[in-house]
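1. Give me a 3D structure for the following:
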Amino acid sequence: MTEALDERKMNVSVYVSSDIITLHIMSTLRQLADRLGVSIATVSRALNDKPGVSTKVRQRVLQLAQELRYHPNQAARSLATSHNPLILFIVHRRQFSEAEDPFYPNIVQGLEEVLSSEGYGIMLVTLSDSQMAAGPTEVRAIQEQRPSAIVLAGPDISSSFIIATATSGIHTMLVDNALRNTSLPAVLPNNKEGCQAATNHLIQDHGHQHIALLRGPEGWISSDERAAGYLSEIEAAGFQPFIVTANDTTIQTGQEAAIQALDVKPETTAIVAINDAMAIGALRASRQMGRSVPGDLAVVGFDNISWAVYADPPLTTVSVPMLDMGRLAARVLLDRINGTLTAATRTIAAAQLVIRASCGC
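-> Model prediction:
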């Protein structure tokens, strides 16, 4: 019964643009399932980074998928023939359509510093929702440029798109993201420890007991890990956690989440935001509700984007070494392209609390 339900879900998740393509995908999934002696539902789980599949079976599915160049159309079979010294840096389109969180351009700069010295160029590609649903062969830059490698940045790129890219034969790695069940090279900040430091500072150095967390969608690894850091410190102190979950991590959603937090629990005296954009939204909400920062409300962010120091008041935040993350990602990619690194490694970049005025210091 469970497998039947999963298969129906899988039909929806792999639907691209027509019944013909859907039937082709189903046929390919059946081929994989038949070759491996497992159910279609099991193959679907493995290709979507879902739990419920053993490590051994998951590896077999991904290996065979790469051998067959599994993808919603046959164009994927030719992707692995690339020798173009070009790296594609792909982010969700909203990351650049909303210029309120200048996070990824700094990572691109770090990548470019290392890659250019080795004769590689880098191209920025923004990914729409429809392209993400259709898969990498619907991204023109991938088909036309045939890059040596692809960097997929941010927690809002779907697992199915990531795995489809990785099994297309192109070297693929993640930045500011990681899969939970599938091994792929990844570089990301120390989200949990960073949020632990921010929460602990509010508790130990300022005596706050009623601290709210403004977080992004569940399933985004940055939100989940940062929330885990907040929870560990709140629970260790014996306080009651209070988390407001938003459907995005923007200034607007931060403002709305902070208003909700202060409405539901007026006793809240401090806010930890999952990123600086949401923290800036919380500063706006505090002014809207007549609360001064830091007099009535302490606010702490995460990322240390360039705008954080210009917030009013300047924002206490957890600094993410964006340039270093880009440089680390470039070196991992070059090692994989050159064949000197074959294991899928997860590289964690240190995150450090930067104290400014918004926390009350």
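
2. Can you check the distance spanned by stretch 42-60, start to finish?
-> End-to-end distance for stretch 42-60, by Cα to Cα, to the nearest Å: 11 Å.

3. Correction: the previous question concerned stretch 142-154.
-> For stretch 142-154, the end-to-end distance is 18 Å (Cα to Cα).

4. In that stretch, which residues are buried?
-> Neighbour-count burial for stretch 142-154 flags 142, 145, 146, 147, 148, 149, 150, 151, 152, 153, 154 (criterion: 16 or more other Cβ atoms under 10 Å). Every C-beta, even on glycine, is put in place using the N, C-alpha and C of the backbone.

5. What does the pLDDT read for residue 28?
-> Note on residue 28: pLDDT of 64.

6. Can you show me the helices along the stretch 101-250 of the chain?
-> Ranges of helices in the stretch 101-250 of the chain, per DSSP state H, counting those that start in this stretch, are 104-117, 129-134, 140-145, 159-166, 191-200, 221-236.

7. Can you say which of those helices is nearest to residue 31?
-> Set against residue 31 and scored by Cβ to Cβ, the helices of the stretch 101-250 of the chain come closest in helix 159-166, at 15.7 Å.

8. Packing partners of the closest one?
-> When contacts are defined as 3 or more Cβ pairs under 8 Å, 6 or more residues apart in numbering; DSSP states H and E, helix 159-166 sits against helix 40-47, helix 55-68, strand 147-153, strand 171-175.

9. Of all the ones you listed, which one is nearest residue 286?
-> Closest to residue 286 of the helices and strands packed on helix 159-166 is strand 147-153 (Cβ to Cβ; 31.0 Å).

10. mind giving me a markdown table with the helices of the stretch 101-250 of the chain and columns for mean pLDDT and distance to residue 359?
-> Formatted as a markdown table, those follow (pLDDT from 0 to 100; distance: least, Cβ to Cβ, whole Å):
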| stretch | mean pLDDT | distance to residue 359 |
| --- | --- | --- |
| helix 104-117 | 93 | 24 |
| helix 129-134 | 91 | 36 |
| helix 140-145 | 87 | 42 |
| helix 159-166 | 92 | 35 |
| helix 191-200 | 98 | 8 |
| helix 221-236 | 97 | 14 |
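
11. Make sure residue 182 is actually in contact with residue 163.
-> Yes. Using Cβ atoms under 8 Å, residue 182 is in contact with residue 163, at 6.3 Å.

12. any shared contact partners between those two?
-> Residues within reach of residue 182 and of residue 163 at once, by Cβ atoms under 8 Å, 6 or more residues apart in numbering, are 49, 62.

13. before we move on, the earlier item: identify the farthest-apart pair in the buried residues of stretch 142-154.
-> By the measure Cβ to Cβ, 146 and 154 form the most distant pair in these, at 23.3 Å.

14. Contacts only, for residue 213.
-> With Cβ under 8 Å, 6+ apart, residue 213 has these contacts: 227, 230, 241, 242, 243, 244, 271, 272, 273, 274.

15. Only whichever of those residues are buried, select them in PyMOL.
-> Filtering the contacts of residue 213 down to the buried ones (16+ other Cβ under 10 Å) takes a single PyMOL command:
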select buried, resi 227+230+242+243+244+271+272+273+274
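
16. hmm, back to that, which one of the helices of the stretch 101-250 of the chain lies nearest to residue 177?
-> When the helices of the stretch 101-250 of the chain are compared by Cβ to Cβ, helix 221-236 sits nearest residue 177, at 5.8 Å.

17. still on that earlier bit, could you export the helices and strands packed on helix 159-166 as JSON lines, including mean pLDDT?
-> JSON lines is the format used below for the helices and strands packed on helix 159-166 (pLDDT from 0 to 100):
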{"stretch": "helix 40-47", "mean pLDDT": "72"}
{"stretch": "helix 55-68", "mean pLDDT": "72"}
{"stretch": "strand 147-153", "mean pLDDT": "94"}
{"stretch": "strand 171-175", "mean pLDDT": "94"}
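
18. can you put the helices of the stretch 101-250 of the chain in CSV and add distance to residue 87?
-> Listed next are the helices of the stretch 101-250 of the chain as CSV, based on distance: least, Cβ to Cβ, whole Å:
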stretch, distance to residue 87
helix 104-117, 6
helix 129-134, 19
helix 140-145, 10
helix 159-166, 13
helix 191-200, 25
helix 221-236, 22
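
19. do you know which of these lies nearest residue 38?
-> helix 159-166 (16.2 Å).

20. Relative to the whole chain's centre, how far out is the closest one?
-> The chain centroid and the centroid of helix 159-166 are separated by 13 Å under Cα atoms, centre = their mean, to the nearest Å.

21. what's the distance between residue 243 and residue 223?
-> For residue 243, the distance to residue 223 (Cβ to Cβ, to the nearest Å) stands at 10 Å.

22. Touching both of the two, which residues are there?
-> With contacts defined as Cβ under 8 Å, 6+ apart, the residues shared by residue 243 and residue 223 are residue 215.

23. hang on, the earlier thing: quick check: which of the helices and strands packed on helix 159-166 is nearest to residue 102?
-> Closest of the helices and strands packed on helix 159-166 to residue 102 is strand 147-153, at 13.4 Å (criterion: Cβ to Cβ).
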